[in-house]
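Undergrad: Here is my input, please return the structure:
(chains A and B)
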Number of protein chains: 2
Amino acid sequence: MASMDLTHLLQDNGSKIILYVWDGVGGIQTGPDSLTELQAARTPNADRLVAEGCCGLLEPVYPGVTPGSGPGHLGLFGYDPVAYQCGRGALEAVGVGFDLKRGDVAARLNFCTLDSRGNVSDRRAGRIPNEECKRLVAKLADAIDHVDRVEVHWTPVKEHRALLVLRGDGLGDGLEDTDPQTTGVAPLAVQVKDASPGTARTAEVIRKVLAQAREALADEERANMVLARGFTARPDWPSMHERFGVRAAVVAGTPMYRGVAKLVGMKALDATNDVTQNLAALTAAWDDYDFFFIHYKHTDMAGEDGDFEAKVTCIEEADAALPALVDLGPDVLTVTADHSTPAAMKAHSWHPVPALLSAKTARRDAVTTFNEVACIGGGLGLRPSTHLMPLALGHAGRLAKFGA
Amino acid sequence: MASMDLTHLLQDNGSKIILYVWDGVGGIQTGPDSLTELQAARTPNADRLVAEGCCGLLEPVYPGVTPGSGPGHLGLFGYDPVAYQCGRGALEAVGVGFDLKRGDVAARLNFCTLDSRGNVSDRRAGRIPNEECKRLVAKLADAIDHVDRVEVHWTPVKEHRALLVLRGDGLGDGLEDTDPQTTGVAPLAVQVKDASPGTARTAEVIRKVLAQAREALADEERANMVLARGFTARPDWPSMHERFGVRAAVVAGTPMYRGVAKLVGMKALDATNDVTQNLAALTAAWDDYDFFFIHYKHTDMAGEDGDFEAKVTCIEEADAALPALVDLGPDVLTVTADHSTPAAMKAHSWHPVPALLSAKTARRDAVTTFNEVACIGGGLGLRPSTHLMPLALGHAGRLAKFGA
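TA: The predicted structure is shown next:
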């Protein structure tokens, strides 16, 4: 089913929608009598919402394709992640609140350790603490603020991660990563991967920036170089307000999720990765927005760690926050995930994610528990993630009748 | 969901995938207490794989559309059969091992019987034996080896079937069949159906070829003419290796299935329509390929014959071969069909086909038996056949994460 332009159907009836993402919540079983994390968890609140509403399974990007965090969320926001592609640099920039302008080129930096031969011995420089990251970034900013009439902006992110933004006329972003993705070899040379306008010139600038960074960091013990990944210009996408008529806000503690939400025009509310604080932030802004994306991160982290029990505990914490959201009286409340992160795989996976939709207008199905297997029998069926947003708008009464 | 280009996600992890096709296995019931052939059959091996894996239903071409053998298989190989269309002539040519070159135009011929008025009295000339087919083809080849500087190649296929290939510069394939698909009327005149380059000239050549063939066969008692179907140039499609990164092999005894597999770049292993021999051929080549398509033909033949009991027996034979495939240790094993062939209909049909996917990475659903009705409750849902290949690649770990 091709994507449909809904703009001519939009009507603002003042209704409110909450999208509550349990990051990476989908799992798999590992044997005949084993359960998924969600099957093992006690989720009385989600179960009640399923029993009174409807559910199904969402396929994030494409059958068999494992989504990164950006694509996984874009699908839930109603943006086909194959059509809306964005590199890590721009996501990271928006996520840390850097005011990326059109024409800027951003890249994600990792501080790394080079050995005496110039080979990478640690791609994360021992995961240096945040304070160390700030000190090193200040050092770089002091040493390199422009190259060839191009402004060079340095921003600390977290641990070994930083952001590099170039600002100037006629820059391009068709550059390969310099991160070799392995140790024992030198950082990769800056290479052009496509002939997009300005890319050749930008490659020259980046070569100089990285050479100067190596000089500036030469006397550091651990973080004596940076690796660059995901060179990207800011994408110029239509906002959720333009496409779906909603004033949208994001409550997410991790820069990446805030970042992707801001790329589709969401306003970022103050957030941490503490669910209670995030509920308070959402509640305080309740009157100011129509659509709230609230993100729960810990499920994904436990999955990535391969810690089944921890993931179960996190799911139960995420579930415990549901009554506070219900109490706000949203017209539509959806709970789902951006992708699966089975503890058994210690990684994101392609498996469809369970989804529930609670609304007065929902048609109840026969499902009464919220998990991957039960949701197979749900009334929403198995469908692409991009269907969730139009379904939410429809259940919220925000879409007018199509045709006479 | 539009088709996604997976090439930039491919990673070769050495994993192996088996696609086991039970040709035409889908059926329908004929009354309140009746079963499909698959419901009636005992399939303990497929049932066990379903119980430990996941299943669903695949729709081969489009809702309500009955697939021929070519389109049915192309979908399973991950090629949208509406986008990848190929006539019978090219399929037949590749299937019999004729080295079809780019620019050749092939057609399937049926020897037929014309009565004294020149009307078709038997469209298959009494299904003449193979030896008779060879003799007649030799006679034609002797009489007609070129027309208007175009080479004319004749190849026996089986019984009343033969292959005609034209080789020369500037040929086109936009021609209608001359087979009237009924008896009591004359063969159809050679007609141009589209204005593709070279087609008008090719029509002239074919008119002369068929007129000369009628002369050459005039003294035959039964096979005194040929009917031509499916004029086609060799399609120029990307291979499975190019699209999906797998070295693929086909084990199929019938030329048509080998042919369509070779059109997407599979290597043909020695094969018959005996499942035990075919298992041996597959096993012998296990180390040389990543993807194996093994075809079981008899289910379809029994369905076409309307023989419910025979089809049940064939299904049980196909099922009995599963342990040998499991023992090879494939990372992903899928069992499905190219289309349904309900005995009750004695023909191919549009009904979705059951599909099971067995892999360590599969998410188990609640289904424990392999049939059309049980698979409705499977975790793979109801989806186009073209999704099977990306799902197999994903479960085999052959697709990298999409996006950051």
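Undergrad: Where does the prediction get shaky in the stretch 151-300 of chain A?
TA: Residue ranges of the stretch 151-300 of chain A with pLDDT under 70: none are present.
Undergrad: So which residues on it come close to chain B?
TA: A:Gly230, A:Met256 (Cβ under 8 Å from any Cβ of the partner chain). All C-beta spots, glycine's among them, are computed from the backbone N, C-alpha and C.
Undergrad: Could you check which residue of the stretch 151-300 of chain A lies nearest chain B?
TA: Using Cβ to the nearest Cβ, the single residue of the stretch 151-300 of chain A nearest to chain B is A:Gly230, 6.1 Å away.
Undergrad: Do you know the pLDDT at A:Val25?
TA: As predicted, A:Val25 sits at a pLDDT of 97.
Undergrad: Ramachandran coordinates for it?
TA: Dihedral pair for A:Val25: phi -70, psi -30, per degrees, to the nearest 10.
Undergrad: mind listing what it touches?
TA: By Cβ atoms under 8 Å, 6 or more residues apart in numbering or on different chains, A:Val25 lies in contact with A:Glu37, A:Leu38, A:Thr299, A:Asp300, A:Ile315, A:Ala318, A:Thr336, A:Ala337, A:Ser340, A:Thr341, A:Val353, A:Pro354.
Undergrad: where's the closest residue to A:Thr368 other than its chain neighbours, which helix or strand?
TA: The spatially closest residue to A:Thr368, leaving aside those adjacent along the chain, is A:Ala51, at 4.3 Å (Cβ to Cβ, 6 or more residues apart in numbering or on different chains). Under the criterion of DSSP states H and E, A:Ala51 resides in helix A:44-52.
Undergrad: packing partners for that helix?
TA: Contact analysis of helix A:44-52 by 3 or more Cβ pairs under 8 Å, 6 or more residues apart in numbering or on different chains; DSSP states H and E lists helix A:308-320, helix A:322-327, strand A:332-336, strand A:353-359 as its packing neighbours.
Undergrad: at 7 Å instead, please
TA: On a contact count with 3 or more Cβ pairs under 7 Å, 6 or more residues apart in numbering or on different chains; DSSP states H and E, helix A:44-52 meets helix A:322-327, strand A:332-336, strand A:353-359.
Undergrad: got these as TSV, with distance to chain B, mean neighbour count and mean pLDDT columns?
TA: Shown next, in TSV, are the helices and strands packed on helix A:44-52 (distance: least, Cβ to the nearest Cβ, whole Å; neighbours: other Cβ atoms under 10 Å in any protein chain shown; pLDDT from 0 to 100):
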stretch	distance to chain B	mean neighbour count	mean pLDDT
helix A:322-327	24	16	98
strand A:332-336	16	26	98
strand A:353-359	11	27	98
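Undergrad: Any buried residues in the helix holding A:Ala51, and which?
TA: Of all the residues in helix A:44-52, those buried under the rule 16 or more other Cβ atoms under 10 Å in any protein chain shown are A:Asn45, A:Ala46, A:Asp47, A:Arg48, A:Leu49, A:Val50, A:Ala51.
Undergrad: Grab the CA positions of that helix and hand them over as CSV.
TA: Extracted C-alpha coordinates of helix A:44-52, given in CSV (Å, rounded to 0.1, in the frame of the first residue of the first chain):
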residue,chain,number,x,y,z
PRO,A,44,-1.1,-5.3,34.2
ASN,A,45,-1.6,-1.8,32.9
ALA,A,46,-0.7,-2.6,29.3
ASP,A,47,-2.8,-5.7,29.5
ARG,A,48,-5.8,-3.7,30.6
LEU,A,49,-5.4,-1.3,27.8
VAL,A,50,-5.1,-4.1,25.3
ALA,A,51,-8.2,-5.8,26.7
GLU,A,52,-10.2,-2.6,26.3
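Undergrad: so after it, what's the next helix or strand?
TA: Downstream of helix A:44-52, the next assigned helix or strand under DSSP H and E is strand A:54-59.
Undergrad: moving C-terminal of that next one, what's the next helix or strand?
TA: Going down the chain from strand A:54-59, the next helix or strand is helix A:69-76, by DSSP H and E.
Undergrad: So that next one, near chain B or not?
TA: Yes: residues of helix A:69-76 are located near chain B by Cβ under 7 Å from any Cβ of the partner chain, namely A:Ser69, A:Gly70, A:Pro71.
Undergrad: For the stretch 1-150 of chain A, which residue gets nearest to chain B?
TA: Residue nearest to chain B within the stretch 1-150 of chain A: A:Gly64 (2.7 Å; Cβ to the nearest Cβ).
Undergrad: correct me, but that residue touches B:Gly397?
TA: No: counting by Cβ atoms under 7 Å, A:Gly64 stays clear of B:Gly397, with 10.3 Å between them.
Undergrad: Have a look at the two and say which one is more surrounded.
TA: Neighbours were counted for A:Gly64 and for B:Gly397 using other Cβ atoms under 10 Å in any protein chain shown; A:Gly64 has more, 24 against 19.
Undergrad: Pull the contacting residues for the more buried one.
TA: A:Trp350, B:Pro390, B:Leu391, B:Leu393, B:Gly394, B:His395, B:Leu399 (Cβ atoms under 7 Å, 6 or more residues apart in numbering or on different chains).
Undergrad: State the pLDDT value of it.
TA: If you check A:Gly64, the pLDDT there is 98.
Undergrad: and it, backbone torsions?
TA: Main-chain dihedrals, A:Gly64, degrees, to the nearest 10: phi 80, psi -10.
Undergrad: do you know how far the nearest residue to it once chain neighbours are set aside is from B:Val65?
TA: Counting by Cβ to Cβ, 6+ apart, the nearest residue to A:Gly64 once its immediate chain neighbours are dropped is B:Gly394, at 2.7 Å. Separation of B:Gly394 from B:Val65 (Cβ to Cβ, to the nearest Å): 27 Å.
Undergrad: what does A:Glu204 give?
TA: 55 Å.
Undergrad: Same check on A:His339?
TA: Distance, A:His339 to B:Val65, using Cβ to Cβ: 33 Å.
Undergrad: wait, what's in contact with the closest residue to A:His146 other than its chain neighbours?
TA: Leaving out its chain neighbours, the residue that sits closest to A:His146 by Cβ to Cβ, 6+ apart is A:Val152, at 5.8 Å. For A:Val152, the contact set (Cβ under 7 Å, 6+ apart) comprises A:Ile144, A:Asp145, A:His146, A:Leu166, A:Val209.
Undergrad: now the residues you listed as JSON lines including secondary structure, distance to A:Asp177 and neighbour count?
TA: As requested, these are exported to JSON lines (DSSP: H, G, I helix; E, B strand; the rest coil; distance: Cβ to Cβ, whole Å; neighbours: other Cβ atoms under 10 Å in any protein chain shown):
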{"residue": "A:Ile144", "secondary structure": "coil", "distance to A:Asp177": "20", "neighbour count": "19"}
{"residue": "A:Asp145", "secondary structure": "coil", "distance to A:Asp177": "24", "neighbour count": "11"}
{"residue": "A:His146", "secondary structure": "strand", "distance to A:Asp177": "23", "neighbour count": "14"}
{"residue": "A:Leu166", "secondary structure": "strand", "distance to A:Asp177": "16", "neighbour count": "24"}
{"residue": "A:Val209", "secondary structure": "helix", "distance to A:Asp177": "15", "neighbour count": "24"}
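Undergrad: Of A:His339 and B:Val65, which one has the most company?
TA: A count of neighbours by other Cβ under 10 Å puts A:His339 above the other of A:His339 and B:Val65, at 33 against 14.
Undergrad: got the contact list for the more buried one?
TA: Listed by Cβ under 7 Å, 6+ apart, the contact partners of A:His339 are A:Gly24, A:Pro60, A:Thr66, A:Pro67, A:Gly72, A:His348, A:Ser349, A:Val353.
Undergrad: Settle this for me: the third one is touching A:Pro352, isn't it.
TA: Read it as A:Thr66. No: A:Thr66 is not in contact with A:Pro352 according to Cβ under 7 Å; the separation is 11.9 Å.
Undergrad: mind listing the strands for chain A?
TA: Applying DSSP state E to chain A gives strands spanning A:17-22, A:54-59, A:105-114, A:120-122, A:146-147, A:150-158, A:161-167, A:225-233, A:248-251, A:267-268, A:291-296, A:332-336, A:353-359, A:381-384.
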